[in-house]
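1. Structure of the sequence below:
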Amino acid sequence: MKTSELSKLRNIGIMAHIDAGKTTTTERILFYTGKIHKIGEVHDGSATMDWMEQEQERGITITAAATTCFWKDHAINIIDTPGHVDFTVEVERSLRVLDGAVAVFDGVHGVEPQSETVWRQADKYKVPRLGFINKLDRVGGNFEESVQSMRDRLAANPVPFQLPIGQEEAFTGVIDLVRMKALIWDSSAQGQDFREEEVPADMLDDALLAREHLIESVSEFDDAVMEKYLEGQPLTEAEIKRSARIGCIAMKFVPVFCGSAFKNKGIQPLLDAVLDYLPSPLDVTHVVGTDVSDPTKVIERPRTDSEPLTMLAFKIQTDPFVGQITYVRVYSGVLKNGETVFNPRTGKRERISKILKMEANQRSEIPEIAAGDIAAVSGLKIVATGDTLCDAKDPMVLESLTVPEAVISIAIEPKSTVDAVKMTKALERFEAEDPTFHVSNNAETGQTLISGMGELHLEIIVDRMLREFKVGANIGKPQVNYREAISTSAKMDKTFERETEKVHQFARVVVKVEPAPEVSGLQFESNIGKEKINDEFLRAVKAGCEEAMQVGVIAAYAMTGIKVTLLDVTVDLERSDAMSFKIAASMATREAFRLASPILLEPTMKVEVLVPEDFLSNIIKDLNSRRARVNNVGLRGHLQEVEASAPLSGMFGYTTDLRSISQGRATYSMTFASYEQVPDAVLKRILGGDGY
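-> Below you'll find the predicted structure:
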């Protein structure tokens, strides 16, 4: 799209907790924009964006799907994201490249745990968003309480731009507070037709009060509007929208809308709001990156097609017809079919063979993409999620993605030699597609371990492997991914010296290790100047430290949250080489770990259970038996809400047990919280081989 046309482009994501109605909302958007001609439903597996077999069978979104639709002469690129915590990286990488988002909330439950997670992700990437309170036709649906939950649980500043007309089964439409009109939907026409009426007399006072709050909230973002407001002059619709747009893009407040996607109410005004209040690529600040040779040097580049090419690879997927495709967001410049792009991470250039416009799992070839576009390309062989792809003559590196650590593993083994070949191919493909999925081999048992974000995550991987690659395999039980850390600091002076007939090696390093719980993995620093150690040897020292981190000193789990400082080195000009320094650093770091009071860490989950009061005591008793710590018990609607922290090792199989304890009437959600030290009694069991 040409720069002159970018004002009519919106790149948005639909995000929410599982089962809040993201995919249903997206399906209605596609229907009302004319993208599809028949509404598909999540519950019967016919939703356009849930194209994977596993999504259709389970009624959940697993992978982020992209499509493009048109509304009132504007193009809208939409990414429908998953709501389950196991697939949170799909949300992470989508928000990384989007300009705006629609946060969908269940009108019965308000803000739910995964709603908080995706909200924080959007905050991290500074993504302006709208709120859409969905399911107001359901029993217990409450607009005011849902908006209040946004204030309480998200620390957001939500401002209603609509009020619902009627509650639960009597929900018929909304009041547009900007235009002060009532919008009533015709339920017999799949929501395509709605009529404008005057605001109902019994709601007029509430609507005027809400409108006054809206105008007061948005007027501060435009001086001219503020002046008129303070003088008591009436504001026009255009003035309200202009000021509100400024505040929304600046993330000063969140415009909130309402409806029922399943009952086809409220979608068209939401689409209007996307155009009115969410940013175009031109509204977002310059793209910011760093110099390829000097990561401390910041580079800013206007988001126009006249600048050098800069784009981010945010997702890799294998297409059965095209092969591996890479989803990209173009921030500046133009990419044409057949051109070559440069990858600063690999230092290599690769040719783009095809540029594809994706419509869920369908694709069409296009000749070029320009600044602001989201598309897919084929032909890239050495690329990873988060890589920058740019012009080799004027390169820059964009901020990559934050990938959470895997918290659970299972052992998997092929049933035959033929299956072994197919399994290797399948796992390589899944590992390339999903940065939270990892494959490793246990040196002691020889087993292949696959690791991911949760039981469902690995269950989907195994299911895809069996179906798509026809792999016969035996699957082990889930195992917790423990981590090791240190609790004190320690120093170690280590010399590596080896002489044979052909090889003479020498290196001495002095390192200090100390806890850095805020760091995921290793934080490496050097207190030595370049006159004493060159860049090659310094990189080798860091590589040695990283190698030592891979196998802990308690139970051989990977180590995390550690700062290693290089204090001193001795270099022998005749005998020292990079390998010598890598070995010396690995030995020194590992021995320092032993002296620094090592500890074992386990993943701890944030658990929220909604349960009728009759079963509350049994739920708490069961959580206590799982080493959970109950933090709070409160009332949410007509249900009791239990908030707890629990070790992942105690939560396997909880879905089945919860159903049994509550006679199927309780629901729960679980998200990763942090790594915490394993109690001594549990540590003894783990080291003794009893495990969990």
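
2. Please pick out the residue of the chain most distant from its centre.
-> In the chain, the residue that sits farthest from the middle, by Cα atoms, centre = their mean, is Glu501; the gap is 54.4 Å.

3. Is that residue part of a helix or strand, or is it coil?
-> coil (DSSP: H, G, I helix; E, B strand; the rest coil).

4. Name the helix or strand of the chain that has the lowest mean pLDDT.
-> Lowest on mean pLDDT, DSSP states H and E among the helices and strands of the chain sits helix 53-58, with a mean of 59.

5. Can you name the secondary structure element that comes next after that one?
-> Once the chain leaves helix 53-58, the next helix or strand it forms, by DSSP states H and E, is strand 65-71.

6. quick one on the thing from earlier: next, the contact list for the residue farthest from the centre of the chain, please.
-> Shown in contact with Glu501 (Cβ atoms under 8 Å, 6 or more residues apart in numbering): no residues. For every residue, glycine as well, the C-beta is placed using N, CA and C.

7. again, but for the one 4 residues further on
-> The neighbours of Gln505, taking Cβ under 8 Å, 6+ apart as the test, are 496-499, 575-577, 579-580, 583.

8. And it, how far from Ala543?
-> 16 Å (Cβ to Cβ, to the nearest Å).

9. Please apply the same query to Pro395.
-> From Pro395 over to Ala543 the distance is 25 Å, taken as Cβ to Cβ.

10. Comparing those two, which residue is more hemmed in?
-> Using other Cβ atoms under 10 Å, the more surrounded residue of Pro395 and Ala543 is Pro395, with 22 against 17.

11. Phe221: how many residues sit nearby?
-> 19.

12. got a list of what it touches?
-> Applying Cβ under 8 Å, 6+ apart, we find Phe221 in contact with 243-244, 246-247, 250, 252.

13. residue ranges of the helices in the stretch 1-150 of the chain, please?
-> All helices of the stretch 1-150 of the chain, identified by DSSP state H, counting those that start in this stretch, fall at 22-32, 53-58, 88-97, 113-124, 143-154.

14. mean pLDDT lowest for which of the ones you listed?
-> Across the helices of the stretch 1-150 of the chain, helix 53-58 has the smallest mean pLDDT, namely a mean of 59.

15. What is the neighbour count of the closest residue to Tyr668 other than its chain neighbours?
-> Spatial nearest neighbour of Tyr668, excluding adjacent residues (Cβ to Cβ, 6 or more residues apart in numbering): Val609 at 4.4 Å. Using other Cβ under 10 Å, Val609 has 28 neighbouring residues.

16. Could you shift the numbering so residue one becomes 49, and keep it that way?
-> Right, with 49 as the first residue, what we last looked at is Val657.

17. where does Val657 fall, helix, sheet strand or coil?
-> Val657 is classified as strand under three-state DSSP.

18. and it, what are its bridge partners?
-> Under DSSP bridges, the beta-bridge partners of Val657 are Val690, Tyr716.

19. show me what contacts it?
-> Applying Cβ under 8 Å, 6+ apart, we find Val657 in contact with 667, 671, 689-690, 692, 706, 714-716.

20. Go through these and name the one nearest Ala474.
-> Within the contacts of Val657, proximity to Ala474 (Cβ to Cβ) peaks at Tyr716, which comes in at 31.5 Å.

21. I figured that closest one hits Met699, correct?
-> No - shown here, Tyr716 and Met699 do not form a contact pair, counting by Cβ atoms under 8 Å, at 9.4 Å.

22. Of these two, which one has the most company?
-> For Tyr716 and Met699, the more surrounded residue by other Cβ under 10 Å is Met699, and the numbers stand at 23 against 19.

23. pLDDT score for the residue farthest from the centre of the chain?
-> pLDDT recorded at Glu549 is 77.

24. can you check Lys542 too?
-> Reading off the model, Lys542 has pLDDT 95.

25. Mind telling me what element it is part of?
-> Per DSSP H and E: strand 538-547 holds Lys542.

26. Pull up the pairing partners for that strand, direction included.
-> In its sheet, and by DSSP bridges, strand 538-547 pairs with strand 552-563 (antiparallel).

27. Show me what the mean pLDDT comes to for the partner strand.
-> 95.

28. Can you mark which positions in that strand are buried?
-> Neighbour counts over strand 552-563 (16 or more other Cβ atoms under 10 Å) mark 553-563 as buried.

29. And stretch 440-452, by the same measure?
-> Buried, per 16+ other Cβ under 10 Å, within stretch 440-452: 443-446, 448-449.

30. And stretch 208-224, by the same measure?
-> Buried, per 16+ other Cβ under 10 Å, within stretch 208-224: 208-213, 215, 219-224.

31. Tell me which of these fall in strands.
-> Judged by DSSP state E, strands contain the following of the buried residues of stretch 208-224: 208, 210-213, 221-224.

32. related to what we said a few turns ago, which among the buried residues of stretch 208-224 gets closest to Val335?
-> Of all the buried residues of stretch 208-224, Val335 sits closest to Phe209, with 30.3 Å by Cβ to Cβ.

33. residues in contact with the closest one?
-> 224-226, 262, 292, 303-305, 321.

34. tell me, how many neighbours does Ser488 end up with?
-> Per other Cβ under 10 Å, the neighbour tally for Ser488 reads 14.

35. Excluding covalently adjacent residues, which one is nearest to it?
-> Spatially, and ignoring its direct neighbours in sequence, Ser488 is nearest to Leu497 (5.0 Å; Cβ to Cβ, 6+ apart).

36. Please work out which residues outside the helix or strand harbouring that neighbour touch it.
-> For Leu497, the host element (DSSP H and E) is strand 496-500. Strand 496-500 is contacted by residues 134, 454, 456-461, 471, 475, 482, 484-490, 506, 509-510, 527, 529 when judged by Cβ under 8 Å, 6+ apart.
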